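>>> Sequence first, predicted model second:
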Amino acid sequence: MKTKTKTKTKAKAKTTPKAKAKVRGAAHRHAHASTKAHLSSAVRPQPLIAVSNVLGSSRWYARLLGAERLGEDTPDNVYDRVLSNGRLILQLHASDKEDHPNLAAAKSAPLGRGVLLWFELDDFDGAVKRARAMKAHVVEEPHVNPGPAHREMWLRDPDGYMVVITSPDGEARSS
């Protein structure tokens with residue numbers, strides 16, 4: 001019984017504020033090391049949006065962003081990809097084709113609701129010119145967002161998605 005009592009006493013001793021701080025510090029160092037290990041592997045977002053006209057929408061995004069389309073890889077215009085410098089930046093899928101869980105009741109929810117697509121571009125001025133040439137629906141004219149110190153322009157795509165194009169962060173910082 002004395003052994004059990006000593007064990008309990010030792011357990012209590014480990015829960016002192018100093019001991020707790022030591023444990024938290026070790027856990028934090030472990031979590032930080034673990035996070036660093038995870039940061040070494042790349043994560044590449046591959047957003048997919050449901051659209052009413054895959055061909056029209058993929059052309060719209062490619063033109064606005066100065067990017068390229070992979071091209072329709074399905075005979076019934078179901079899916080396309082938009083690439084920039086060989087990297088996938090956006091996938092487009094027909095909203096009324098196939099039986100994907102996210103497309104199941106496509107008629108009950110409006111396209112674009114609750115989604116904002118942000119694209120940072122090195123050539124922001126070029127993208128603004130392309131948006132104007134395309135007669136894109138402008139929601140907010142180009143302006144400086146003081147938080148990230150970049151310029152941004154808000155648009156609506158043909159399906160109602162909010163599209164924000166921006167210059168690189170810090171680009172609009174006053175000298």
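Arrived safely, thanks for sending.

>>> how near is Asp169 to Glu68?
25 Å (Cβ to Cβ, to the nearest Å). Where C-beta positions appear, they are placed from N, C-alpha and C, glycine not excepted.

>>> ugh, typo on my part, it should be Tyr79
Here Tyr79 is placed at a distance of 16 Å from Glu68 (Cβ to Cβ).

>>> Give me the more crowded residue out of these two.
Neighbours were counted for Tyr79 and for Glu68 using other Cβ atoms under 10 Å; Tyr79 has more, 18 against 14.

>>> my guess is Arg63 is in a strand, correct?
No: under the criterion used here (DSSP: H, G, I helix; E, B strand; the rest coil), Arg63 is helix, not part of a strand.

>>> I figured it hits Lys129, correct?
No: the criterion here is Cβ atoms under 8 Å, and Arg63 misses it with Lys129 at 11.1 Å.

>>> Secondary structure element for the residue nearest to Leu117 when sequence neighbours are not counted, which one?
Leaving out its chain neighbours, the residue that sits closest to Leu117 by Cβ to Cβ, 6 or more residues apart in numbering is Val163, at 5.0 Å. When secondary structure is defined by DSSP states H and E, Val163 falls within strand 162-166.
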